[in-house]
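J.: Curious how this folds, go ahead:
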Amino acid sequence: MIHHIKISSFPNWSGQNQARNYSFNGYLLTLSADPINSRIHQLVWKKMVPRPVS
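T.: As a prediction, the model looks like this:
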């Protein structure tokens with residue numbers, strides 16, 4: 001996945017494209033960046049399952 005950064009709180013990121021890795025596992029979507037100084041940063045989203053209306 002490529003993020004096209006228009007503006008950022010990190011000025012040196014503005015105007016850049018940044019690649020992210022992604023994976024789907026059931027109801028989870030995980031985005032991660034390549035390791036920096038042996039650290040891996042991840043964002044994880046969980047899909048909400050709708051509840052039946054009673």
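
J.: excluding its backbone neighbours, what's nearest Lys19?
T.: If you look again at residue 19, you'll see it is Ala, not Lys. Setting aside the residues directly before and after it, Ala19 is nearest to Ile2 in space (C-beta to C-beta, 6 or more residues apart in numbering), at 5.7 Å. Where C-beta positions appear, they are placed from N, C-alpha and C, glycine not excepted.

J.: and the residue nearest the centre of the chain, how far is that from Tyr22?
T.: Nearest residue to the geometric centre of the chain (C-alpha atoms, centre = their mean): Leu31, 3.5 Å. Distance of Leu31 to Tyr22, given as C-beta to C-beta, to the nearest Å: 5 Å.

J.: and Ile5, how many neighbours?
T.: Neighbour count of Ile5, defined by other C-beta atoms under 10 Å: 13.

J.: was I right about it contacting Gly15?
T.: Yes: contact status for Ile5 versus Gly15: in contact at 6.8 Å, counting by C-beta atoms under 8 Å.

J.: coming back round to it: so what's in contact with Leu31 and Tyr22 at the same time?
T.: Residues touching both Leu31 and Tyr22 by C-beta atoms under 8 Å, 6 or more residues apart in numbering: Met1.

J.: so the residue nearest to the centre of the chain is in which element?
T.: Counting by DSSP states H and E, the element that carries Leu31 is strand 28-32.

J.: What lies in contact with that strand?
T.: Outside strand 28-32, the residues touching it (C-beta under 8 Å, 6+ apart) are 1, 20-24, 40-47.

J.: Ser23: what's it in contact with?
T.: 29-30.

J.: helix, strand or coil for it?
T.: Following DSSP: H, G, I helix; E, B strand; the rest coil, we place Ser23 in the strand state.

J.: just to revisit the earlier point, what angle do the next helix or strand after the strand holding Leu31 and strand 28-32 make?
T.: Remark: after strand 28-32, the chain's next helix or strand is strand 42-46, criterion DSSP H and E. Relative orientation of strand 42-46 and strand 28-32, computed by axes from the mean of the first three to the mean of the last three C-alpha atoms, to 10 degrees: 170 degrees.

J.: Need the residues that contact strand 42-46.
T.: Applying C-beta under 8 Å, 6+ apart, the external contacts of strand 42-46 come out as 27-32.
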